[in-house]
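*Asks:* Need a 3D model of the following:
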Amino acid sequence: MPLPAKRFADWSKDELNALVQDPPAVESVRLDFKADCKLLSFGNKEREKGRRDILIDVSAMANGAGGALLIGVRQTGKRGHPPYAETVTGIGKPEPLRQAIEGLVNTHLDVRPGPLVCHAIPHEEGSAVLVVEVPANTYCLSMVTYNDIGQFWIRRGTDNRLMTTDEIEYKFSEFAKVRDSASLELRKIRMELRRSQIRPMVWFAGVPIARARDHIPVDIGAMQEIVQDSSYFHVFPSKKRHSSCVPPCYVRSLVPGLRGIILSRELGERAVLEIRRDGTVIFAHKAAHGTKGGPPREMIAIGSIYEPLMSGIFLLADVQNKFGIAKLALVQAGLMGVKGKAVVYEDGHFAAPEFDKVDCPLDPILLDELWVPRDLFDGWARQIANALHQVKPLIWPPLVPRG
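*Replies:* As a prediction, this is how the structure comes out:
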């Protein structure tokens, strides 16, 4: 039987029991049943075998098509036929097992796959089935490094097997194509923004490596909630929870577009905000200068660079978390139209040398696992300092989250 259409997160005992009903669920390249996992066993031999087996299972799925391990479902089968679910046995300690699996994967896979998503589905009293969802690798292969052995595994059909040298080379060439595709998309975004009337401007763009059509619903309400309650403000405690250059200011101006959610045209001279169906996030804002009581027109406040940059980074993280988009993304940011303009603190006490380039792109960065927005920001802050011939990053403490 095919698996229920529900997400594993929505499964209950009914879906588990359906696995063994006639006809029973069959293992596949993306589905593996395991009666138990010996990671928590007291016996050294059993525990060592359990560690090796789970590392091979996770790496093989990640290097293949991705999939799910259902721990607590016994399988059986006939020679020449795929194994099928025989009994839902359940396991007694799903949470300690989940922690053990994640710790093992983090330690003994040299390239970790995207974050594992685990669900403990209650079965009988005191037992549950642990579902471990493994995303497919889209930028590199995961190698098992255990007991001084380095091996690449891949799942073919219902079996895990060692990859050949030719397969490894082919996979890496395919990953290079994926990265090139994401890089090309970033270049297109940058060219589109260059034609914008927003000058000078600060921009940010994040492109998921694994892109799919209609990954995100065009739901204005959901987007407004994300933008309004940006986690940027949760780690930036302030009595002023608004500014002129952060996405929450535009929450009431979001409208459907051809590719997803965009800003209405009335704000087109101030900003660009686009959240595409494939998970791409684009945010650009005119760097403030020449305002009443602010710095002269030839100067740009450092906060007018950092605040939209931080907003874009956190917006991407919030969209990813809300819709379960893979954390694998290529992100970039930059400044445009800044030639001949100096950067100053808001109080005017510090002035950096002027930019000598009209276009100052920051390096693209691959977010390949759980990432921290603050760390990404710090890397770009150093690049901005280099562009301004500064030895140290220009950090404006009130705008740097400390959470």
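*Asks:* now the strands: where do they sit in the stretch 151-300 of the chain?
*Replies:* Taking DSSP state E, counting those that start in this stretch as the test, the strands found in the stretch 151-300 of the chain are 159-162, 201-208, 254-256, 260-263, 271-276, 281-286, 299-301.
*Asks:* next helix or strand past the last one?
*Replies:* If I follow you right, that is strand 299-301. For strand 299-301, the following helix or strand on the C-terminal side (DSSP states H and E) is helix 303-323.
*Asks:* Now do that next one, average pLDDT.
*Replies:* What helix 303-323 shows for mean pLDDT is 87.
*Asks:* Whichever helix or strand comes after that helix packs against which elements?
*Replies:* Downstream of helix 303-323, the next assigned helix or strand under DSSP H and E is strand 329-336. Here strand 329-336 touches helix 165-194, strand 201-208, helix 303-323, strand 359-361, strand 365-367, helix 373-387, going by 3 or more C-beta pairs under 8 Å, 6 or more residues apart in numbering; DSSP states H and E. The C-beta positions use only the backbone N, C-alpha and C, and glycine is treated the same way.
*Asks:* run the last query once more with 7 Å
*Replies:* Strand 329-336 is packed against helix 165-194, strand 201-208, helix 303-323, strand 359-361, strand 365-367, with contacts defined by 3 or more C-beta pairs under 7 Å, 6 or more residues apart in numbering; DSSP states H and E.
*Asks:* So which of the ones you listed has the densest surroundings on average?
*Replies:* Mean neighbour count (mean count of other C-beta atoms under 10 Å) peaks for strand 201-208 among those, with a mean of 26.
*Asks:* now the closest residue to S230 other than its chain neighbours: how far from D110?
*Replies:* Spatial nearest neighbour of S230, excluding adjacent residues (C-beta to C-beta, 6 or more residues apart in numbering): F314 at 5.5 Å. Note on F314: its distance to D110, by C-beta to C-beta, to the nearest Å, is 30 Å.
*Asks:* do the same with Q21
*Replies:* 41 Å.
*Asks:* Those two - which one has more neighbours?
*Replies:* Taking other C-beta atoms under 10 Å, Q21 and D110 do not tie; D110 has more neighbours (13 against 10).
*Asks:* how many neighbours does the spatially closest residue to that one that is not a sequence neighbour have?
*Replies:* Once flanking residues are discounted, D110 sits nearest to M143: 4.7 Å by C-beta to C-beta, 6+ apart. Neighbour count of M143, defined by other C-beta under 10 Å: 20.
*Asks:* Contacts only, for M143.
*Replies:* 109-111, 150-152 (C-beta atoms under 7 Å, 6 or more residues apart in numbering).
*Asks:* between the residues you listed, which is nearest I198?
*Replies:* V111 (38.4 Å; C-beta to C-beta).
*Asks:* Quick check: phi and psi at that closest one.
*Replies:* phi -120, psi 110 (degrees, to the nearest 10).
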